[in-house]
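Undergrad: show me how the following folds:
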Amino acid sequence: MEKVFIIGCGAYMDAGYGCPGEWRCLKAAALGEGKFSAPSQVIAFVRCECPGRTIGPNTGMAMKLSEVKPDAIYLSTCMVDARPGCPYAQIEDLAKALEARFGVPVKLGTHEYK
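TA: Presented below is the predicted three-dimensional model:
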């Protein structure tokens, strides 16, 4: 079973734009739906907080505290498909930076639930 971290947009979740929090991401991971090719074990759920400066350190701390290096990091659907998009970073650039820092593939999106 793939071990994954999920990073969600804290501002998007808090604003209530149709995303009440992480439950959709967790459901997709558990059932192997959406962007997950098979059921996955979520080791950590990290919230990105504006302007995003803490996403690297918080992800690193989650790795340290969980004592598990994930097989993949997923940027949540609320980060990838948010409209308006993130004013602080391009999601693709954020994914590349996380991949470079942690040596773990970063995947864009988690679910396709409406």
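
Undergrad: going forward, measure contacts between C-alpha atoms and count neighbours the same way
TA: Fine.

Undergrad: helices and strands around the strand or helix carrying residue 42, which ones?
TA: When elements are assigned from DSSP states H and E, residue 42 belongs to strand 40-48. Where contact means 3 or more CA pairs under 8 Å, 6 or more residues apart in numbering; DSSP states H and E, strand 40-48 is packed against strand 2-9, helix 10-15, helix 23-31, helix 55-66.

Undergrad: strand partners of that strand, parallel vs antiparallel please.
TA: strand 2-9 (parallel) (DSSP bridges).

Undergrad: could you pull out the buried residues of the partner strand?
TA: For strand 2-9, the neighbour count (16 or more other CA atoms under 10 Å) marks 3-9 as buried.

Undergrad: please save the CA atoms from it in CSV.
TA: Only the C-alpha atoms of strand 2-9 are listed here, as CSV (Å, rounded to 0.1, in the frame of the first residue of the first chain):
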residue,chain,number,x,y,z
GLU,A,2,1.4,3.4,-1.0
LYS,A,3,2.1,5.7,1.9
VAL,A,4,1.3,9.3,1.1
PHE,A,5,1.3,12.8,2.4
ILE,A,6,-1.5,15.2,1.4
ILE,A,7,-1.0,19.0,1.3
GLY,A,8,-4.2,21.1,1.3
CYS,A,9,-4.9,24.8,0.9
